[in-house]
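> need the 3D shape of this:
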Amino acid sequence: DDGSLTPASIEMLAAAFPDSILVLRSAADAQMADALAQFPHMAQARSHLPHVIKLCDVALTHPEAIVRYVDTDVLFQRRFRGLFPASVQSGSGAFMMDSENSFGAHPGDYWPFGPLRLARRLNSGLFWIRRDQIDYERMEYLFKRWGPGRIRKYHGWFEQTVWADQAWRSRCSMFDPAQLGTASQSQSENSKLIGVHFVTPTRSMLKGLLD
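Got it, this is the predicted structure:
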């Protein structure tokens with residue numbers, strides 16, 4: 001929970017997914033206080049930008065060797081298998097591909113790390129990555145470098161930029177965009193995909209489909 005779930009939503013999710021664990025925002029905040037003690041700039045950003053939860057909580061609170069993540073605005077239209085690997089032998093990770101680059105950064109943000117290199121057209125709506133490939137010290141430096149003002153300005157693009165940086169350094173793969181991708185305004189194009197990520201400009205289309 002990013003803090004926006006209503007009691008009715010919580011009840012609905014519990015009924016739909018009886019074997020799942022729903023972590024409320026208040027419980028997550030208490031759990032993450034210790035985990036982020038050494039990353040103060042990440043902790044500060046997490047307090048006012050829900051997107052940062054995806055960078056922090058998902059990996060720091062679970063001991064599994066592989067982090068597996070799906071946004072709630074990804075709609076699966078057909079049955080599938082093999083979405084996530086069972087073993088770390090399958091590579092470093094894999095992310096969805098976007099229709100365009102959606103980042104918020106400039107080369108100076110990465111000093112003194114070197115030139116700005118990001119995984120092109122990365123979308124973090126659905127991904128898996130090996131935990132040992134996530135560099136939280138590097139993330140903390142980037143949070144400090146950006147500062148609260150720019151992080152709020154870039155909003156979700158900031159979180160996606162950080163993942164693109166991690167994915168490039170870890171040599172992660174991309175899911176086949178013919179199977180998993182971001183929604184377009186063309187419903188015929190969307191219908192060809194197994195999984196469709198309805199990002200903010202197309203969110204109303206997802207509501208229409210669910211209705």
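> Phe95 looks like it's in a strand, true?
Yes - judged by DSSP: H, G, I helix; E, B strand; the rest coil, Phe95 forms part of a strand.
> ok, now how distant is it from Asp73?
16 Å (C-beta to C-beta, to the nearest Å). For glycine as for every other residue, the C-beta is placed from the backbone atoms N, C-alpha and C.
> more neighbours: those two, which one.
Phe95 (26 against 16; other C-beta atoms under 10 Å).
> that one against Leu118, yeah?
No - contact criterion C-beta atoms under 8 Å: Phe95 and Leu118 do not qualify, at 11.3 Å.
> mind listing the shared neighbours of these two?
Residues within reach of Phe95 and of Leu118 at once, by C-beta atoms under 8 Å, 6 or more residues apart in numbering, are Ala167.
> parallel or antiparallel, list what pairs with the longest strand along the chain.
Longest strand in the chain by number of residues (criterion: DSSP state E): strand 122-130. Sheet pairing of strand 122-130 (DSSP bridges) gives strand 66-70 (antiparallel), strand 93-97 (antiparallel).
> and of the ones you listed, who's closest to Phe143?
When the strands paired with strand 122-130 are compared by C-beta to C-beta, strand 66-70 sits nearest Phe143, at 18.8 Å.
> hey, where'd the strands end up in the chain?
Going by DSSP E, the chain shows strands at 66-70, 74-76, 93-97, 122-130, 173-174, 180-182, 195-197.
> chain center to the last one: distance?
It refers to strand 195-197. Offset of strand 195-197 from its chain centre (C-alpha atoms, centre = their mean, to the nearest Å): 14 Å.
> residues in contact with it?
With C-beta under 8 Å, 6+ apart as the test, strand 195-197 has contacts from 71, 73-77, 80, 96, 123, 125-126, 179-183, 190.
> buried subset of those residues?
Buried members of the contacts of strand 195-197, counted by 16 or more other C-beta atoms under 10 Å: Asp73, Val74, Leu75, Met96, Asn123, Gly125, Leu126, Leu180, Gly181, Thr182, Ala183, Asn190.
> my read: the fourth one touches Thr182, true?
Yes - under the criterion of C-beta under 8 Å, Met96 makes contact with Thr182 at 7.2 Å.
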